[in-house]
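J.: 3D model of this:
(2 chains)
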Amino acid sequence: MRHYFGRKLLVYALTFVVAVTVNWMIPRFMPGDPVAGMLARTGVSQPAAVEAMRVYYTDLFGFDRPLWEQYAGFWATLLRGDFGISIWLFPTPVSTVILRAVPYTLALMIPAVLLSWWAGNRLGAYAARRRLLDNTVLPVGYVLTAMPYMWLAVLLAWGLGVVAGWFPVAGGYAFSLQPALTGEFLLSLLHHWVLPFLSLFLVALGGWAIGMRNMIIYELESDYATYLAALGAPSRLIRRYAFRNAVLPQITGLALQLGVLVAGALVTEIVFSYPGLGSLILKAIQNQDFFLLQGTFMFIVVGVLVANFVIDLVYVVVDPRTRAGMAGAQA
Amino acid sequence: MTTTPLTEGRAGTRVVRREALHFAVRNGKLVTGLGLVLVLLLTGLLGPLVLGVAAPNEYVAAPMLPPSAEHWFGTTTFGQDVFTQFVYGLRTTFAAGALGGGIAAVIAMVVGFTAGYRGGLVDEALNMLTNVVLVIPTLAVLLIINAYLGIRSVAVQALFIGLTSWPWAARAIRAQTFSLRGRDFVDLARLSGLSTPRIIAREIAPNMSSYLFMTFILLFGGSVLIASSLDFIGLGPTEGVSLGLMLQNATQWSALQLGLWWWFVPPGLAITAIVGALYVANVGLDEVFNPKLRIT
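T.: Numbers count the residues shown, from 1 in each chain, chains lettered A, B, ... in the order given. Sure thing, here's the model as predicted:
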């Protein structure tokens, strides 16, 4: 088990280093001068002001120092939790801006991901059992999983929001309200949460259902299932064993899908102008706010790494082979 | 007269091919899936020629017209013809998928074959690399790169999609290679002094060609989806039009609130159709190549 975790942690540490390095490298080695670009975008024409800003940005990036020193300095500020100052919401620090948006993204993603995984597994397991159900679940599953996240979001916003008028289509809460711990605000929050949640949930659902269906069929053909059937075990028992074995690759699949799920959440938020990280990224791109963009990037990477680690922990609980130090999940 | 082993082998592959074709044309999933993809591809390739329109973003008619005989998919808030944009967008989307999926497939094959065949330290190192790229959230990296890299063309977009989406495929190819490398015919090839690249190209790859093709199809579908997400966030090609860009424009210029469903339904539907049809065709291919799955 120590070997299993050691390997995993090594991969995560390496990934973090790579992410930080990419984050550091891109502004420095991309074609063009980032400082000149930023100065041009601010649209300040006074020579004195431009010079002052040039000095500020050059100092900020540390372009006048040797490369390795720049790199070390980048790590130092990062580990202090300093992501710089947002240009879009000047002079708010990037970390503050991000921390304000993170709860919305998490409140959207965690229920959507977990519920779709659970419901998809159930649905897939049922589909593997009944031909009639299989003939509907499978095509619907393929359509859902092939859908771009934003398109389903747009369709839901149009159908249930604009045409039917059941749900609001923009924002995290009613524009007339201020965030507060009142019943009215919480209701508004929930009301605005339904559509983005639903669209994330539905797209993810299809993939899990198909995966589970295929795994169950595969497991039911395996030797232990045949053996149990030959012993005269009730088919419910065999299915239960098959389900338990089929869940393991689905857990691994959850870890592999994290990046796609994050991407889905980001574009869904943009459709609904939901005040999470996705909308933040859009604003950062539109306002050329690179500090905000880079800060959000680091945040997403760390979030995905933590989620991966949590899944590893769950895997150890669920799969005894990893505990016994045998070949379980591959690192 | 006795046939030489060489011609016998060729005849053998021909029989296998004919058998595969026999089952392929009778497989409903494969025929439907590939048919749908082909129809859309032809629309994208031939549409602009037939339409004879120079630029998809030109203002040609009154704004916000619903679909009619003249403008099949209606017009946008600016009076652009949605069908023209759709046809050009299909081209871009197919290009992004083919290029991105192709680059990813090539990287996956190089990494997978090398890691699986060589084993040992090379395998360890490549495995580590694969895991790192696998864990990093792809879209976040693409965001950073595309935002800083001012030049945005379909080729550059596809290149970066390819560079980040290969890991799962490399893993799968590595596992397959690993199981093939201990077989007798590979040992024989090694004994006869063939070089490693030749063994991989002549002995190992052909034995998993169906698998490689299916991997490419999945990578293609994935690239289409990632490219459309990037376009939608506003990091698409700066010139021209793509299905993702159409969706972005539609939501940005409040097609939702104005009820211009003909603006945002076709591009999303086309993406779903392309990716879904590819998935279904893939299941069909699996049944063609894997006799165990045929009778279901």
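
J.: so what's whichever residue of the stretch 151-300 of chain A sits closest to chain B scoring on pLDDT?
T.: The nearest approach of the stretch 151-300 of chain A to chain B comes at residue A:151, 3.1 Å away (Cβ to the nearest Cβ). For the C-beta atoms, the positions are set from N, CA and C on the backbone; glycine is no exception. pLDDT recorded at residue A:151 is 94.

J.: how deep is it tucked in, by neighbour count?
T.: 26 (other Cβ atoms under 10 Å in any protein chain shown).

J.: Quick one: residues contacting it.
T.: Listed by Cβ atoms under 8 Å, 6 or more residues apart in numbering or on different chains, the contact partners of residue A:151 are B:247, B:264, B:267-269, B:271-272.

J.: repeat that with 10 Å
T.: A:199, A:203, A:267, A:271, B:228, B:232, B:243-244, B:247, B:264-265, B:267-272 (Cβ atoms under 10 Å, 6 or more residues apart in numbering or on different chains).

J.: same deal with residue B:231?
T.: Contacts of residue B:231 (Cβ under 10 Å, 6+ apart): A:148, A:150, B:89, B:92-93, B:96, B:152, B:154, B:157, B:237, B:241-249, B:267.

J.: In which helix or strand does the residue lying closest to it once chain neighbours are set aside reside?
T.: What sits nearest to residue B:231 in space, not counting adjacent residues and going by Cβ to Cβ, 6 or more residues apart in numbering or on different chains, is residue B:244, at 2.7 Å. Using DSSP states H and E, residue B:244 sits in helix B:243-252.

J.: re earlier: next one: the residue of the stretch 151-300 of chain A closest to chain B from residue A:264, what distance?
T.: Residue A:151 is 11 Å from residue A:264, where distance means Cβ to Cβ, to the nearest Å.

J.: what is in contact with those two at once?
T.: In contact with both residue A:151 and residue A:264: A:199, A:203, using Cβ under 10 Å, 6+ apart.

J.: hmm, back to that, got a PyMOL select line for the buried ones in the contacts of residue A:151?
T.: Per 16 or more other Cβ atoms under 10 Å in any protein chain shown, the buried members of those correspond to this PyMOL selection:
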select buried, (chain A and resi 199+203+267+271) or (chain B and resi 228+232+243+244+247+264+265+267+268+270+271+272)
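
J.: wait, does the helix or strand encompassing residue B:282 contact chain A?
T.: Taking DSSP H and E as the criterion, residue B:282 maps to helix B:261-289. Yes: counting by Cβ under 10 Å from any Cβ of the partner chain, chain A has neighbours in helix B:261-289: B:261, B:264-265, B:267-280, B:283.

J.: any idea how far the longest helix seen in chain B is from the chain center?
T.: Longest among the helix segments of chain B by residue count, using DSSP state H, is helix B:82-118. Taking Cα atoms, centre = their mean, to the nearest Å, one finds the center of helix B:82-118 at 5 Å from the center of the full chain.

J.: Please work out how many residues are found near residue 146.
T.: No chain was given, so I picked chain A. By the criterion of other Cβ under 10 Å, residue A:146 has 23 neighbours.

J.: wait, I meant chain B there
T.: Residue B:146 has 20 nearby residues by other Cβ under 10 Å.

J.: Look up how far chain A lies from it.
T.: 9 Å (Cβ to the nearest Cβ, to the nearest Å).

J.: lowest-confidence helix or strand of the chain?
T.: Picking chain A for this. In chain A, no helix or strand scores lower on mean pLDDT, DSSP states H and E than helix A:34-42, which sits at a mean of 67.

J.: Quick one: list the elements packing against the helix or strand that it is followed by.
T.: With elements assigned by DSSP H and E, the helix or strand that comes after helix A:34-42 is helix A:47-61. Helices and strands touching helix A:47-61, by 3 or more Cβ pairs under 10 Å, 6 or more residues apart in numbering or on different chains; DSSP states H and E, are helix A:2-29, helix A:34-42, helix A:67-79.

J.: Just the strands from the chain, written as ranges.
T.: All of this is about chain A. Per DSSP state E, chain A carries no strands over any range.

J.: that's the other chain; I wanted chain B
T.: Under DSSP E, chain B gives no strands.

J.: what residue ranges in the stretch 1-150 of chain A score low on pLDDT?
T.: A:30-35, A:37-38, A:40-44, A:61-63 (pLDDT under 70).

J.: give the contact list for the residue in it that chain B sits nearest to.
T.: Residue of the stretch 1-150 of chain A nearest chain B, by Cβ to the nearest Cβ: residue A:146 (3.4 Å). Residue A:146 sits next to A:203, A:206-207, B:221, B:224-225, B:271-280 when contact means Cβ under 10 Å, 6+ apart.

J.: buried subset of the residues you listed?
T.: A:203, A:206-207, B:221, B:224-225, B:271-280.

J.: wait, residue A:166 sits on residue A:198?
T.: No: Residue A:166 is beyond contact range of residue A:198, at 11.2 Å (criterion: Cβ atoms under 10 Å).

J.: what about the two, which has more around it?
T.: Between residue A:166 and residue A:198, residue A:198 has the larger neighbour count (other Cβ under 10 Å), namely 17 against 11.

J.: how about the helices in chain A?
T.: A:2-29, A:34-42, A:47-61, A:67-79, A:94-129, A:131-146, A:149-156, A:183-220, A:223-231, A:235-272, A:277-286, A:290-318, A:320-323.

J.: Can you mark which positions in the last one are buried?
T.: Read it as helix A:320-323. Neighbour-count burial for helix A:320-323, with 16+ other Cβ under 10 Å as criterion, is recorded at residue A:322.

J.: Restricting to C-alpha, output that helix in CSV.
T.: Presented in CSV, the C-alpha positions along helix A:320-323 are these (Å, rounded to 0.1, in the frame of the first residue of the first chain):
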residue,chain,number,x,y,z
PRO,A,320,-8.8,-5.0,-1.1
ARG,A,321,-6.1,-5.9,-3.6
THR,A,322,-4.4,-2.5,-3.3
ARG,A,323,-4.3,-3.0,0.5
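
J.: what helices or strands is that helix leaning on?
T.: By 3+ Cβ pairs under 10 Å, 6+ apart, helix A:320-323 packs against helix A:2-29, helix A:290-318.

J.: Next, work out how far apart the residue nearest the centre of chain B and residue B:287 are.
T.: Centroid-nearest residue in chain B: residue B:220, 1.1 Å away (criterion: Cα atoms, centre = their mean). As judged by Cβ to Cβ, residue B:220 and residue B:287 stand 19 Å apart.

J.: do the same with residue A:2
T.: Taking Cβ to Cβ, one finds residue A:2 at 44 Å from residue B:287.

J.: between the two, which one's more packed in?
T.: The neighbour count for residue A:2 versus residue B:287, taken as other Cβ under 10 Å, is higher for residue B:287 (20 against 7).

J.: correct me, but the more buried one touches residue B:33?
T.: No: counting by Cβ under 10 Å, residue B:287 stays clear of residue B:33, with 11.6 Å between them.

J.: overlap in contacts of the two?
T.: The contact lists of residue B:287 and residue B:33 share residue B:27, where a contact means Cβ under 10 Å, 6+ apart.

J.: Please work out how many residues are found near residue B:291.
T.: 10.

J.: Could I get the contacting residues of it?
T.: So residue B:291 contacts B:19, B:23 (Cβ under 10 Å, 6+ apart).

J.: circling back to that earlier point, pick the most deeply packed of the helices of chain A.
T.: helix A:149-156 (a mean of 26; mean count of other Cβ atoms under 10 Å in any protein chain shown).

J.: and that helix with helix A:131-146, angle?
T.: 110 degrees (axes from the mean of the first three to the mean of the last three Cα atoms, to 10 degrees).
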